[in-house]
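J.: Generate coordinates for the sequence data below:
(chains A and B)
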There are 2 protein chains.
Amino acid sequence: MFSERLERLIPYVPGEQPRDRRYVKLNTNENPYPPSPKVREVLREYSCERFRLYPDPLCGELRRVAARRYSIEPSNVFAGNGSDEVLSFAFFAFFERAMAHANPSYSFYPVYCNFYGIRNVAVPLDDELRISLRALSEAGSVDGVVIANPNSPTGSYIERNDIVAFLSRYPDDRVVILDEAYIGFGGESCVALIRRFPNLLVVQTFSKSSSLAGLRLGLAYGDSKLIGALFRTKDAFNSYPVDDLAQRIGVAAMEDREYEQAICRRIVSTRERTARRLAGVGWTVVPSRANFLFARHPRVAGGEVYRILRERGILVRHFAGCRLSDYVRITIGTDEEMDRFLKEAGREEFC
Amino acid sequence: MFSERLERLIPYVPGEQPRDRRYVKLNTNENPYPPSPKVREVLREYSCERFRLYPDPLCGELRRVAARRYSIEPSNVFAGNGSDEVLSFAFFAFFERAMAHANPSYSFYPVYCNFYGIRNVAVPLDDELRISLRALSEAGSVDGVVIANPNSPTGSYIERNDIVAFLSRYPDDRVVILDEAYIGFGGESCVALIRRFPNLLVVQTFSKSSSLAGLRLGLAYGDSKLIGALFRTKDAFNSYPVDDLAQRIGVAAMEDREYEQAICRRIVSTRERTARRLAGVGWTVVPSRANFLFARHPRVAGGEVYRILRERGILVRHFAGCRLSDYVRITIGTDEEMDRFLKEAGREEFC
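T.: Residues are numbered from 1 along each chain as shown, chains lettered A, B, ... in the order given. Take a look at the predicted model:
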């Protein structure tokens, strides 16, 4: 009854989403602060009669607001049901035989490849756990590349100048996807570069900086030819992936940039304090520009750290079977949540 | 820069969605009545803080409520971002080399085939514009079949006994998808048959009977093995396609079945009145169990009828290039909207 491609699938495994709220949940990089108060206003003012009609399949208003943020055109913007869907459409549209990504990076990349029958070339991080742009550019015969910047699970960040240098050398008939899911936490977005590099697609999400993981909304920015290809793909899969209310909430969140920047600044400040204190009790901490830290206990293996913390009511993420399985990824929560984490992380018996 | 599969795509073309509200919009089978008042309550009571967390990837509560309606288990229910996405996942999971569908039927079916590289066998309707189950079962070497019941654009309905007879003869290692998008308008659902036929998947939507086209929510019912295959597919494409608020709205709408049945009864009554009056002014009207009529003017071709009505502020849907291009599909609106349509449809100069 099942297709061979179904049997071949290796599904993505998201972090645990326990329904009970006992845990300090530092495992899926959610924002500890609520979304903009403007979101509440959208719900209050929304006329439910609108639900009877299909939503705008072009997400016109949302794309106009997103384009304004970066002084580009709406034809340079695509909106989808979370950046996961946007990435999936991009893999369909731009990659065929093979593509390259860093390893480890976002673990959905090889899953998309598997879904569409694309060979994935997994390029190891360098000795400092950073993405090697040189190694990615030497990945051989591929149709393009995806780069998470900052990278997950490490949090490492590539400076914009280095991205420009990479794009200048990269073949201009191959698409470069920059996954900027975590760009709001101290990095500098490369969206403006789409004018200079028509093969550059920048993907962003409302899940992290905008604190709207529950809403499922993602964007892509690129040359209108790339954006047209994403629309063409969407229209062969699901014509209306973004619901009417989500479009309006996205507009409200995007217009309240001050709020978004304020909560991101708080998270960055908590991250820096947490990194210093973790290092102070002997952990190895990878420098991060994201809303999480990738860190290793001086003596205890990652899987064990995950297990002990879980017993103590704190959920972090452990990536088993990868080269970096000595590490855990710790989402930055509120200061209070991180104090609770730090208290456990620094305990004598942990060592 | 683009994949060959992108170049090959023939995207689905949805009906027009003009943003201005001047038109009497009878072209995309939307419900003319607002959704249940319980939907308003969900928005009023929703805590926006919830948006910061990822939604339940299993849609647990929604699937429990849906299962209760049909006295089956939650493991027999899948939820997706509109029935379009549910169907897309089903095509991926169950069809590989070839599948069969009636023609004309929902025009997204061949689009999914094109997207996944499945050959589609298009089986003509019979002389009464009904789906021929016999012809579908003789469609040769296919992995399965999809049947829209009632069918679109015709509105024709297959009695449950005939579906049972078809399923009893059909090879039990091939999946039969019943697309019940329009089942709420006088048909009898076949969901209960999933216990008897483990190769039956029934797909439904909140867009029509529940008046929630703007929300993007669809369900599939089937044996837990089929449902498991849909989850496996989703987890290789987009882990969280249904947002948190949509899940709650779906629960509220599903629990207010009385309201849904009341608006559907009104639509059925308007449909029957409209069909009689259209026939009275000479149109040929296909018997319909859906929220639309497929009808032909006695002298004027479908494309021309569409154009004239559009000029007069009424949008209906015309399917060019198909065998039935003499017809137009007219969504059933309110009584007032249908009176306006009937006034134009019966005018002397139209003939």
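
J.: now residue A:212, nearest residue through space, not along the chain?
T.: residue A:206 (4.1 Å; C-beta to C-beta, 6 or more residues apart in numbering or on different chains). Glycine gets a C-beta too; all of them are placed from N, C-alpha and C.

J.: If you could redo that for residue A:164, that was the one I meant.
T.: residue A:193 is the one closest to residue A:164 (C-beta to C-beta, 6+ apart), at 6.7 Å.

J.: For that neighbour, which residues are in contact?
T.: Counting by C-beta atoms under 8 Å, 6 or more residues apart in numbering or on different chains, residue A:193 makes contact with A:160, A:163-164, A:167, A:200, A:202.

J.: Name the residues of stretch A:212-226 that come out as buried.
T.: Buried residues in stretch A:212-226, defined by neighbour count with 16 or more other C-beta atoms under 10 Å in any protein chain shown: A:212-224, A:226.

J.: Likewise for stretch A:250-261?
T.: A:250-254, A:256, A:259-260.

J.: Going along the chain, name the strands of chain A.
T.: A:24-25, A:77-80, A:98-103, A:119-124, A:144-148, A:175-179, A:200-205, A:218-222, A:284-285, A:292-296, A:314-315, A:327-331 (DSSP state E).

J.: What is the third one packed up against?
T.: Strand A:98-103 makes packing contacts with helix A:108-116, strand A:119-124, helix A:133-137, strand A:144-148 when contacts are defined by 3 or more C-beta pairs under 8 Å, 6 or more residues apart in numbering or on different chains; DSSP states H and E.

J.: out of these, nearest to chain B?
T.: When those are compared for distance to chain B using C-beta to the nearest C-beta, the nearest one is helix A:108-116, at 4.6 Å.

J.: remind me which residues of chain A are low pLDDT?
T.: A:351 (pLDDT under 70).

J.: tell me the domain boundaries of it?
T.: A:4-34+A:258-350, A:37-256 (automatic domain parsing).

J.: Burial-wise, tell me which of those domains comes out on top.
T.: Most buried of these by mean neighbour count (mean count of other C-beta atoms under 10 Å in any protein chain shown) is domain A:37-256; its value is a mean of 21.

J.: And residue A:5, how close does it get to chain B?
T.: 7 Å (C-beta to the nearest C-beta, to the nearest Å).

J.: Would you confirm that that residue contacts residue B:96?
T.: Yes: between residue A:5 and residue B:96 there is a contact at 6.8 Å, judged by C-beta atoms under 8 Å.

J.: residue boundaries of the helices in chain A?
T.: Counting by DSSP state H, chain A has helices at residues A:4-8, A:37-45, A:60-69, A:82-94, A:108-116, A:133-137, A:160-169, A:224-234, A:244-255, A:257-280, A:302-311, A:335-345.

J.: Nearest to residue B:146, out of the ones you listed?
T.: Each of the helices of chain A has some distance to residue B:146 by C-beta to C-beta; the shortest is helix A:4-8, at 16.7 Å.

J.: other SSEs contacting that closest one?
T.: helix B:82-94, helix B:224-234.

J.: what does that helix contact?
T.: A:114-115, A:117, B:92-94, B:96, B:116, B:229, B:232-233.

J.: Of these, which is the nearest to residue B:151?
T.: residue B:94 (20.1 Å).

J.: Apart from its neighbours in sequence, what residue is nearest that closest one?
T.: residue B:175 (4.0 Å).

J.: contacting residues around the one you found?
T.: Residues in contact with residue B:175 (C-beta under 8 Å, 6+ apart) are A:1, B:90, B:94-95, B:143-145, B:199-201, B:226.

J.: Go again with 6 Å.
T.: With contact set as C-beta atoms under 6 Å, 6 or more residues apart in numbering or on different chains, residue B:175 has these partners: A:1, B:94, B:144, B:199, B:201.

J.: Name whatever forms a beta bridge with the closest residue to residue A:105 other than its chain neighbours.
T.: Of all residues not flanking residue A:105 in the chain, residue A:148 sits nearest, at 5.0 Å (C-beta to C-beta, 6+ apart). According to DSSP bridges, the residues that bridge with residue A:148 are residue A:179.

J.: Next up, the contacts around residue A:148.
T.: Contacts of residue A:148 were listed using C-beta under 6 Å, 6+ apart, and they are A:105-106, A:179.

J.: tell me which parts of the stretch 1-150 of chain A are close to chain B?
T.: A:1-4, A:6, A:9, A:11-12, A:14, A:17, A:30-31, A:34-35, A:39-40, A:43, A:48-55, A:81, A:84-85, A:88, A:93, A:96, A:111, A:115 (C-beta under 6 Å from any C-beta of the partner chain).

J.: actually the stretch 201-350 of chain A, not the one I wrote
T.: A:211-216, A:229, A:232, A:235-241, A:243-244.

J.: try it again with 10 Å
T.: A:201, A:206-208, A:210-218, A:223, A:225-226, A:228-247, A:249, A:253, A:263 (C-beta under 10 Å from any C-beta of the partner chain).
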